[in-house]
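A.B. asks: Quick one: sequence plus predicted model below, questions after.
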Amino acid sequence: MTEVALLQPVMRDDLVIPEAVVSARDVSLVFDAGGQRVTALAGVDLSIAAGDFVSLIGPSGCGKTTLLRAIADLEHPTSGVLLVNGMTPAEARKRRAYGYVFQAPALYPWRNVARNVMLPLEIMGLPRAERQARAARYLGLVGLGDFARKFPWQLSGGMQQRVSIARALAFEPKLLLMDEPFGALDEITRDGLNLHLHELWRRTGMTAVFVTHSIPEAVFLSTRIMVMSARPGRVVEIIENDLPATRDLDLRETPAFLAVAHRVREALRAGHSYD
Amino acid sequence: MRGGRLSSTREGAILPLIAVILALIAVWYVGAVALNAPQAREQLAEGAGLRDLAAATWSMTRPVLPAPHQIAVELAQSLFTHPVTSPRSLVYHAWVTVSASLAGLGFAFVLGLLLAIGIVHVRLLDRSLMPWVIASQTVPVLAIAPMVVVVLGNLGITGLLPKAAIAGYLAFFPITVGMVKGLRAPDPLQRDLMRTYDARPLQVFSLLRFPASLGFLFPSLRIAVTLALVGAIVAELPTGAQAGLGARLLAGSYYGQTVQIWAALFMAAAMSMLGLAAVSLIETLAARRRGGRL
């Protein structure tokens, strides 16, 4: 029943912001875990504009991954309206509206790096020459141009995750969804990749939704930070990040940066006030 | 790197291997004396020494246990003294059995793959089909082989096909079980990735599930190769088949030609080793295309 409702969303002006890349109105999602109902998302409202870099931050189990997966049509909201480019998530997925970067690189070990990047292009039926050109371009963009013929196991964890980012970029989606892509990496690798991702985002001008539980990471990367609370998962505060558009790692030591980080921390704490 | 380590292990294992083989041969000769002595004594004159007894037990025409050199001579004669198309050539009989095994193996691969695809993709088949697949292997092949051969024979189907059917009946099982496991090997993220690309089911199969299953397919194939050979040999017994390694075993036991039986046994063993080597070769070639790993 909810499937049908989602496929035919009510297109009312007060309900949907047309230019939003992602918009959610009162989205709830309840899992049925062996007869036990678990509310992962409760009444989530949000609107993400084109070119935004939005971080979803919150404690473990606050539903930030679930929200991202719902945007990607990997989970299905129980109620509410969720739109991607004005379409249902299912329609948007079928039109390949987004690239998705998972927590783990999820590379196919039997394919070398270049062929992993070419996987979506192969599925989408791009000609061979175009596939190879794009693999070369996007591997160069993530700094792995020399590793095209290596196999995933010959790369470090950070390099593997960069391959998976190149793979998500390769079919040139306007929306990039990332689920804690650097969560399993060490601090130094993570810093490097954050800087890298920031520059990629500035250069491509794409819209990004980024799930993290690291406050400095969220503040460094985002234009807006959505703070979520757990059980049930809801957005408790949206913090506009007015730091300069061009950022480097030293920014993280400045008072302006620390002030934003402080606001995020306060919001996270407020979301936790009940326990 | 992996290959290098492997080959150095092989070099290191050659001496112990030779020692074990020599020890086995020695035990065999002693065993031949012990088992053939009662028969040999009847032919020997009173007062013959141990040396004469040993010589006699190692050169009988119908020994209980032939000595290794007798089998070697029999093998050499039946392999090299007749043209390979002659029914007296062991090569001819080996090919009759091997061709049936290969046909059965091909049949088993197709059936096993189709069953595995069904079981992995259709929940109902997982519940309903798997118990039958397992049950099929609890029926002794010795019981089912004669029925299949006789029934098919009545329908006018003789020669290679009934044997291939029995061989396939045994060999499809490991392939089904291995491929079910292999097609299920991709983790949830690898499958979600395909969903984000809106990949068609056939693309999910050819780009994810099947490549992921190869690591499970080859161990299954090794078992299937040997089972297919056993199946073909067993299928040659019930009709008193005129050709094939099974027929040689049967004929040998009718006429007490133990040397011939053992020669056929060694030939069967050599054929299954050849089959295993072929699987290993294909596996190596497949792995090479993937950077050395399956």
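C.D. replies: Nice, I can see it.
A.B. asks: which stretches of the chain have low pLDDT?
C.D. replies: Here I'm looking at chain A. Scanning chain A for pLDDT under 70 picks out A:1-18, A:272-275.
A.B. asks: you looked at the wrong chain, it should be chain B
C.D. replies: Residues of chain B that meet the cut-off, pLDDT under 70, sit at B:1-11, B:239-241.
A.B. asks: and the residue nearest to B:I223 when sequence neighbours are not counted, how far is that from B:L294?
C.D. replies: Computed as Cβ to Cβ, 6 or more residues apart in numbering or on different chains, the closest residue to B:I223 that is not its neighbour in sequence is B:P174, at 4.1 Å. C-beta coordinates here come from the backbone N, C-alpha and C atoms, glycine included. Distance of B:P174 to B:L294, given as Cβ to Cβ, to the nearest Å: 17 Å.
A.B. asks: show me where chain A has strands.
C.D. replies: A:20-33, A:36-49, A:53-57, A:79-84, A:98-101, A:175-179, A:207-212, A:224-229, A:234-240 (DSSP state E).
A.B. asks: Which of these sits closest to chain B?
C.D. replies: With Cβ to the nearest Cβ, the closest approach to chain B among these belongs to strand A:98-101: 4.5 Å.
A.B. asks: what's the distance between B:A56 and chain A?
C.D. replies: Distance check for B:A56 against chain A: by Cβ to the nearest Cβ, to the nearest Å, it reads 61 Å.
A.B. asks: tally of neighbours for that residue?
C.D. replies: Using other Cβ atoms under 10 Å in any protein chain shown, B:A56 is surrounded by 20 other residues.
A.B. asks: Give me the contact list for the host helix or strand of it.
C.D. replies: Assigned by DSSP states H and E, B:A56 belongs to helix B:50-57. By Cβ atoms under 8 Å, 6 or more residues apart in numbering or on different chains, the residues outside helix B:50-57 that reach it are B:A32, B:V33, B:L35, B:N36, B:A37, B:A40, B:R41, B:Q43, B:L44, B:A48, B:P63, B:A67.
A.B. asks: Show me which of B:P174 and B:L294 is the more surrounded one.
C.D. replies: Taking neighbours as other Cβ under 10 Å, B:P174 and B:L294 compare with B:P174 leading, 22 against 19.
A.B. asks: Now name the helix or strand holding that one.
C.D. replies: helix B:160-183.
A.B. asks: Up against chain B, what does chain A have?
C.D. replies: A:72-74, A:93-94, A:96, A:98-100, A:102-104, A:106, A:108-112, A:119-120, A:122-124, A:150-151, A:153-154 (Cβ under 8 Å from any Cβ of the partner chain).
A.B. asks: Quick one: buried ones out of these?
C.D. replies: Those of these that meet the buried threshold are A:72-74, A:93, A:96, A:98-100, A:102-104, A:106, A:108-112, A:119-120, A:122-123, A:150-151, by 16 or more other Cβ atoms under 10 Å in any protein chain shown.
A.B. asks: what sits against the residue nearest in space to the middle of chain B?
C.D. replies: Central residue of chain B (Cα atoms, centre = their mean): B:T226, 2.2 Å from the mean position. Counting by Cβ under 8 Å, 6+ apart, B:T226 touches B:S272, B:G275, B:L276.
A.B. asks: Can you name the residues that contact the last one?
C.D. replies: What it means is B:L276. B:R222, B:V225, B:T226.
A.B. asks: Next, work out how far apart it and chain A are.
C.D. replies: 23 Å.
A.B. asks: repeat for the second one
C.D. replies: Here the distance between B:G275 and chain A works out to 25 Å (Cβ to the nearest Cβ).
A.B. asks: So which bits of the stretch 101-250 of chain B are right by chain A?
C.D. replies: Near chain A, when you scan the stretch 101-250 of chain B using Cβ under 8 Å from any Cβ, you find B:187, B:189-190, B:192-199, B:203, B:207-208, B:211-212, B:214.
A.B. asks: hang on, the earlier thing: for the contacts of B:T226, which one is nearest B:T284?
C.D. replies: Of all the contacts of B:T226, B:T284 sits closest to B:L276, with 12.6 Å by Cβ to Cβ.
A.B. asks: Give me the buried positions along whatever helix or strand the closest one lives in.
C.D. replies: Assessed by DSSP H and E, B:L276 sits inside helix B:258-288. The neighbour-count check on helix B:258-288 (16+ other Cβ under 10 Å) flags B:258-268, B:271-272, B:275, B:279, B:283, B:286-287 as buried.
A.B. asks: for stretch B:103-110, same thing?
C.D. replies: B:A103, B:G104, B:L105, B:F107, B:A108, B:F109.
A.B. asks: What about those residues, which are in helices?
C.D. replies: B:A103, B:G104, B:L105, B:F107, B:A108, B:F109 (DSSP state H).
A.B. asks: if I pick B:V133, what's in contact with it?
C.D. replies: With Cβ under 8 Å, 6+ apart, B:V133 has these contacts: B:L115, B:F173, B:T176, B:V177.
A.B. asks: same thing but at 7 Å, please
C.D. replies: By Cβ atoms under 7 Å, 6 or more residues apart in numbering or on different chains, the contact set of B:V133 is B:L115, B:F173, B:T176.
A.B. asks: now swap in A:A148 and tell me
C.D. replies: Going by Cβ under 7 Å, 6+ apart, A:A148 touches A:V113, A:A114, A:A135, A:L139.
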